[in-house]
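Asker: Compute the structure for the input listed below.
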Amino acid sequence: MGKLEDLSGKRFGKLTVIKRVDDYVSPSGRHQAKWLCQCDCGNTACITRSQLKSGKTKSCGCYQKQMASDANKTHGLSKERLYYIWKDMRSRCQNPKQKEYGDYGARGISLCSDWENYLKFREWALSHGYRYDLTIDRIDNDKGYYPENCRWATRAQQNRNMRRNHHVIYRGKDYIVAELARKAGISKSVFLNRIMNEGFTVAEAVELPAMRGKNKRQLIDIAERIREQNE
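Answerer: Residues are numbered from 1 along each chain as shown. Okay, the predicted model is just below:
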């Protein structure tokens with residue numbers, strides 16, 4: 001891997017990079033370089049390298065907030081459901097007092113500059129399948145809110161995509177752990193314990209019976225029989 005480019009002193013929009021700080025580490029363990037930046041308004045903010053280099057983040061948020069304020073004074077659409085979706089989306093990314101900020105803004109999830117303007121977000125939403133029964137969903141949960149990474153999904157579809165869900169492959173099909181555990185007739189915690197602590201494969205964890213009245217030695221014997229049958 002080549003030496004990481006030093007961004008110290010460089011400008012990106014209204015931001016001037018001061019120094020590198022601790023990396024942002026995604027739930028999957030992927031590191032992203034993060035930089036402390038001084039905004040022209042006087043505030044500081046920690047921004048990832050990808051956000052700076054891509055141009056998705058050009059200020060600490062002050063410029064976008066002003067744009068949004070100016071754009072939303074006259075549109076007369078603040079009673080729409082879509083407006084509340086947009087407002088909540090911005091708050092999760094930008095307001096440290098919002099209860100979900102820790103899962104969004106605090107881990108580098110940002111809103112693209114175009115969507116700081118509600119009318120632009122609304123135009124995209126109405127032309128990309130928005131319906132009253134759908135919610136906005138990020139395709140890659142380690143990336144922010146921008147057109148290429150967002151879609152409209154049902155609540156069930158969105159729940160499947162939540163980053164806290166564990167996914168496993170069983171017989172060639174992708175499952176959420178909780179869903180597969182229910183299919184196997186065991187709890188999620190038992191399933192995870194089997195594959196993470198007791199050394200069973202996903203197939204064995206699914207096909208072994210519930211623990212009722214069986215010790216680990218018995219389960220190992222059953223797992224060996226299952227393995228022989230599948231060979």
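
Asker: right, and residue 56 touches residue 109 too?
Answerer: No: Residue 56 is beyond contact range of residue 109, at 11.0 Å (criterion: CB atoms under 8 Å). To be clear about C-beta, it is placed using only N, CA and C from the backbone, and glycine gets the same treatment.

Asker: quick one: common contacting residues for the two?
Answerer: Residues touching both residue 56 and residue 109 by CB atoms under 8 Å, 6 or more residues apart in numbering: residue 144.

Asker: For the protein, which residue occupies the most central location?
Answerer: Closest residue to the average C-alpha location of the chain: residue 141 at 2.4 Å, with CA atoms, centre = their mean.

Asker: residues touching residue 10, list them.
Answerer: 16-17.

Asker: Give me the pLDDT for it.
Answerer: Note on residue 10: pLDDT of 91.

Asker: Return the backbone torsion pair for residue 131.
Answerer: Note on residue 131: backbone dihedrals following degrees, to the nearest 10 are phi -140, psi 160.

Asker: Apart from its chain neighbours, what residue comes closest to it?
Answerer: Spatially, and ignoring its direct neighbours in sequence, residue 131 is nearest to residue 152 (6.7 Å; CB to CB, 6 or more residues apart in numbering).

Asker: for that neighbour, what are its contacts?
Answerer: By CB under 8 Å, 6+ apart, residue 152 lies in contact with 125, 128-131, 134-137.

Asker: about what we covered before: please tell me how far the residue nearest to the centre of the chain sits from residue 149.
Answerer: Distance, residue 141 to residue 149, by CB to CB, to the nearest Å: 9 Å.

Asker: which regions of this structure sit below the pLDDT cut-off?
Answerer: For the chain, the stretches with pLDDT under 70 are 1-2, 63-75, 156-167, 209-231.

Asker: quick one, longest strand in it?
Answerer: Criterion DSSP state E: the longest strand present in the chain is strand 15-25.

Asker: Can you identify the element that follows that one toward the C-terminus?
Answerer: strand 31-39 (DSSP states H and E).

Asker: that older thread, just the closest of the contacts of residue 152 to residue 97, please.
Answerer: Residue 97 lies nearest to residue 136 out of the contacts of residue 152, by CB to CB, at 21.4 Å.

Asker: My read is that the closest one contacts residue 87, right?
Answerer: No: applying CB under 8 Å as the test, residue 136 and residue 87 come out as separate, 11.9 Å apart.

Asker: those helices in this structure, which residues are they?
Answerer: Per DSSP state H, the chain carries helices over the ranges 49-54, 62-72, 81-94, 118-127, 155-161, 177-184, 188-196, 202-207, 216-230.

Asker: name the helices or strands packed onto the third one?
Answerer: With contacts defined as 3 or more CB pairs under 8 Å, 6 or more residues apart in numbering; DSSP states H and E, the secondary structure elements packing on helix 81-94 are helix 118-127, strand 135-138.
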